[in-house]
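S.K.: Just to be clear, the model below is a prediction. Sequence and coordinates:
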Amino acid sequence: MDYIIGNSEVLEFRDGIFALRTRRFGTVAEIMIKKLYDFEESGSLAFDKKDIKTNERIEVKFSTVLKENDDTIRGDNVISQVIKANLANRAMNSKDAEIYKMDSQEVLSCPGYSDKQHRGNEGEGQFHLNQDNIDYHRKNHQVMTINYQELYDLFSK
């Protein structure tokens, strides 16, 4: 099922997801994964969700996949930097949300992995999806595709 082009509420919902920032953006992904897989809250700040059937700890990440832009925002480039952050400048436009899964050992060796997530980082890391590695992730780790109409319906329940 494709999302209905004429359904402006679903389109606003999709665009609104990508307008959210930081923690609020990630919370959308956590709620989606919890509903899709019937996970429980973790009860811990160390990880996001828990699979009560297997007792596995689940970490959920969500990405806007924006074009790389490492320029520091300064007084002389603030306008161009804000324009580059526009949703239309996403590196990979898609009508679907793709869900990938990998275990903690796979993450350490996946393309684009970096152990530099934030200051004071210890034992944590992240990886980025981009045009160079998206085919690898689709082939090796994609478990589901959900379109924005389906996501909207999931949250409407």
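M.R.: Nice, thanks for sending it over. As the structure is a computational prediction, the values presented were derived from the model and not from experiment.

S.K.: who does the lengthiest helix in the chain touch, helix- and strand-wise?
M.R.: Looking across the chain with DSSP state H, the single longest helix is helix 22-37. In terms of contacts (3 or more CB pairs under 8 Å, 6 or more residues apart in numbering; DSSP states H and E), helix 22-37 is packed against strand 49-51, strand 96-100, strand 142-147, helix 148-156. In short, each C-beta sits where N, CA and C put it, glycine included.

S.K.: Contacts only, for the one residue sitting closest to the centre of the chain.
M.R.: Residue closest to the average C-alpha location in the chain (CA atoms, centre = their mean): Phe62, at 1.5 Å. Contact analysis of Phe62 by CB atoms under 8 Å, 6 or more residues apart in numbering lists Phe25, Gly26, Val28, Ala29.

S.K.: now with 10 Å?
M.R.: Phe62 is in contact with Ile17, Leu20, Phe25, Gly26, Thr27, Val28, Ala29, Glu30, Met32, Ile33, Ala97, Ile99, counting by CB atoms under 10 Å, 6 or more residues apart in numbering.

S.K.: before we move on, back to that, which residues touch the longest helix of the chain?
M.R.: For helix 22-37, using CB under 10 Å, 6+ apart, the contacting residues are 16-20, 39-42, 48-51, 53, 58-64, 97, 99, 101, 143-144, 146, 150-151, 154-155, 157.

S.K.: ok, of these, which come out buried?
M.R.: With neighbours counted by 16 or more other CB atoms under 10 Å, the contacts of helix 22-37 contain buried members at 17, 39, 48-50, 58, 60, 62-64, 97, 99, 146, 150-151.

S.K.: The least confident helix or strand in the chain by mean pLDDT pairs with which strands, and in what direction?
M.R.: Least confident element among the helices and strands of the chain, by mean pLDDT, DSSP states H and E: strand 126-127 (a mean of 75). Taking DSSP bridges as the criterion, strand 126-127 pairs within the sheet with strand 113-114 (antiparallel).
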